[in-house]
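A.B. asks: Just to be clear, the model below is a prediction. Sequence and coordinates:
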Amino acid sequence: MKATFLFCWASLALAVSTFAEAQWWKGNLHTHTLWSDGDDYPEQIAKWYKDHGYHFLTLTDHNTLQAGERWIDVMKSKGGPPALAKYQAAWGKWVQTREQNGRLETRLKTLQEFRGRLEVPGKFLMIQGEEITDRWKTSPVHMNATNLKTLIKPSGGNSVYEVMQRNMNALLAQRKATGQPMFMHLNHPNFGWGVTAEELMRVKGERFFEVYNGHPIVRDKGDKLHASTERMWDIILTRRLAELNLGILYGLATDDAHNYHGINPKHSNAGRGWVMVRAEKLEANALVIALEAGDFYASTGVTLKEIKHSPKMISLTIAAEPKVEYTTQFIGTRKGYDKAHKPYTVASGAKLRVTHQYSDDIGTVLATVKGEHAVYHFKGDEIYVRAKITASNRVRNPRGYPEFQSAWVQPVRSRGR
């Protein structure tokens with residue numbers, strides 16, 4: 001008995017110690033470079049994030065990794081000679097250029113080459129990634145793979161759902177074969193009105209999507225016929241947990257950065273959306289495991305000091321800025337919600353391929369709290385609860401319309417589930 005007692009206390013002490021050692025790491029999981037359709041060199045981009053307080057970065061070029069030998073025509077490249085001039089001024093003899101048939105070319109350095117000049121243990125980390133860029137007919141289906149080992153080619157399919165599921169299966173197969181923690185998330189579902197809630201909710205193995213994407217043309221807010229990404233999130237959470245038994249879907253905020261030469265509401269700039277991940281170490285595997293545990297929040301400016309979950313409550317504390325007001329909404333769906341939903345139709349009766357109309361029972365505001373500290377006590381009948389914090393100050397670089405700084409705390413299931 002005494003040995004058991006001592007073992008229990010030792011385990012508890014270890015757990016407390018481990019939790020105390022965990023800290024918040026800021027990162028961006030969606031970034032483009034001259035390896036695809038970004039307008040700057042990867043080293044320049046990574047340095048920007050490092051210099052602006054980020055701890056980790058994933059470069060996610062379309063259907064490519066930053067690997068192998070690649071030379072680009074400077075005049076034809078996005079960014080052109082001005083980008084090259086900045087690159088040379090910052091990196092000197094590291095930059096390689098040549099003339100080919102009278103054309104000036106620059107060699108793009110690989111991730112393995114430049115990460116050693118940027119990474120600092122415990123301070124800044126590069127994680128390998130890719131944007132798997134696929135489609136079904138005219139519908140774009142883009143999915144980011146984080147911490148993968150090798151390139152994943154687009155799998156295609158006979159529907160939007162099938163495209164997503166086949167690409168997800170390819171990542172899961174690589175994860176199983178390599179033993180390396182990695183995950184895939186759906187990008188900007190409303191870009192090109194590519195993905196509906198009904199399609200995404202069915203994907204097995206999918207645990208993340210972008211509730212916020214910093215590109216100005218991705219339509220996070222939806223419109224009269226198309227649900228916003230937040231509305232999609234609540235629909236998906238409700239049906240996955242209560243009807244489909246497919247587990248929680250977490251919401252990310254990302255930059256989807258392409259443009260690095262000047263701030264412009266019409267450009268896809270860096271620094272608009274990020275995740276804050278709580279992990280013991282700044283290591284790729286540790287970050288992936290923490291993300292998959294939901295131990296993170298997404299943000300466009302609001303910083304949290306603390307998030308706590310228990311079988312009875314969610315509580316959070318905001319790192320408040322002077323003269324800024326904060327409103328926290330606890331959002332969820334209760335058991336017994338109205339399950340009915342119907343598609344949008346046109347005059348002929350034809351159904352539109354858009355997210356269906358659902359009852360207001362889904363994704364209702366369960367409580368609203370003003371101030372720096374907010375607590376929600378579970379009633380026991382909630383299917384899930386998530387939190388959104390909105391500040392009274394605007395984001396620093398909006399996407400062409402007024403936006404307030406926000407943070408999204410990940411959904412949890414109540415003790416009654």
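C.D. replies: Perfect, thanks for sending it.
A.B. asks: From here on, just use CA atoms for contacts and neighbour counts.
C.D. replies: OK.
A.B. asks: Can you verify my assumption that Leu241 contacts Asp234?
C.D. replies: No: applying Cα atoms under 8 Å, one finds Leu241 not in contact with Asp234, separated by 10.6 Å.
A.B. asks: Compare these two (neighbour count), which wins?
C.D. replies: Shown here are Leu241 and Asp234; by other Cα atoms under 10 Å, Asp234 has more neighbours (23 against 18).
A.B. asks: Could you confirm the more buried one falls within a strand?
C.D. replies: No: membership of Asp234 in a strand is not supported by DSSP: H, G, I helix; E, B strand; the rest coil, which gives helix.
A.B. asks: Just confirm it contacts Gly332, I think it does.
C.D. replies: Yes: the criterion here is Cα under 8 Å, and Asp234 meets it with Gly332 at 7.2 Å.
A.B. asks: Now do the shared contacts for those two.
C.D. replies: Ile362, Gly363 (Cα atoms under 8 Å, 6 or more residues apart in numbering).
A.B. asks: Alpha carbons only: can I get whichever strand or helix holds Lys388 in CSV?
C.D. replies: Assessed by DSSP states H and E, Lys388 sits inside strand 382-394. These are the backbone C-alpha positions of strand 382-394, laid out as CSV (Å, rounded to 0.1, in the frame of the first residue of the first chain):
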residue,chain,number,x,y,z
GLU,A,382,-24.0,20.1,-24.3
ILE,A,383,-22.8,18.1,-27.2
TYR,A,384,-19.7,20.4,-27.4
VAL,A,385,-18.7,23.8,-26.3
ARG,A,386,-16.2,26.2,-27.9
ALA,A,387,-15.3,29.8,-27.2
LYS,A,388,-14.7,32.9,-29.3
ILE,A,389,-13.1,36.0,-27.9
THR,A,390,-13.6,39.3,-29.7
ALA,A,391,-11.7,42.5,-28.8
SER,A,392,-12.9,46.0,-29.3
ASN,A,393,-9.7,46.9,-31.3
ARG,A,394,-9.3,46.2,-35.1
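A.B. asks: partners of it, with directions?
C.D. replies: Each strand paired with strand 382-394, and its direction, by DSSP bridges: strand 326-334 (antiparallel), strand 404-412 (antiparallel).
A.B. asks: so where is the chain shaky, pLDDT-wise?
C.D. replies: By pLDDT under 70, the low-scoring segments of the chain are 1-20, 415-417.
A.B. asks: go with 50
C.D. replies: For the chain, the stretches with pLDDT under 50 are 1-20, 417.
A.B. asks: Which strand residues bridge the residue nearest the centre of it?
C.D. replies: With distances taken as Cα atoms, centre = their mean, Leu252 lies nearest the centre of the chain, 3.1 Å away. Beta-bridge partners recorded for Leu252 (DSSP bridges): Glu210.
A.B. asks: Domain map for this protein?
C.D. replies: With domains defined by automatic domain parsing, the chain comprises 21-68+110-412, 69-109.
A.B. asks: ranking those domains by burial, who's on top?
C.D. replies: Mean neighbours per residue, mean count of other Cα atoms under 10 Å, is largest over the domains of the chain for domain 21-68+110-412, with a mean of 19.
A.B. asks: Off-centre distance for that domain?
C.D. replies: Distance of domain 21-68+110-412 from the chain centroid (Cα atoms, centre = their mean, to the nearest Å) equals 3 Å.
A.B. asks: what about it, how long is it end to end?
C.D. replies: Domain 21-68+110-412 has its terminal residues 23 Å apart, counting by Cα to Cα, to the nearest Å.
A.B. asks: which residues touch His62?
C.D. replies: Counted by Cα under 8 Å, 6+ apart, His62 has contacts His32, Ser36, Asp37, Glu130, Glu131, Ile132, Thr133.
A.B. asks: Would you confirm that the third one contacts Leu59?
C.D. replies: No: proximity of Asp37 to Leu59 does not meet the contact threshold set by Cα under 8 Å, at 11.8 Å.
A.B. asks: what sits against the residue nearest to His267 when sequence neighbours are not counted?
C.D. replies: In this structure, His267 finds its nearest non-sequential neighbour in Asn259, 6.1 Å apart by Cα to Cα, 6 or more residues apart in numbering. Contacts here follow Cα under 8 Å, 6+ apart; on that basis Asn259 touches Gly38, Asp39, Asp40, His267, Ser268, Asn269, Ala270.
A.B. asks: Out of these, list just those in strands.
C.D. replies: Assigned to strands by DSSP state E, none of the contacts of Asn259 qualify.
A.B. asks: Dump the residues you listed to CSV, plus distance to Asp361.
C.D. replies: Below are the contacts of Asn259 laid out as CSV (distance: Cα to Cα, whole Å):
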residue, distance to Asp361
Gly38, 42
Asp39, 44
Asp40, 46
His267, 37
Ser268, 35
Asn269, 37
Ala270, 36
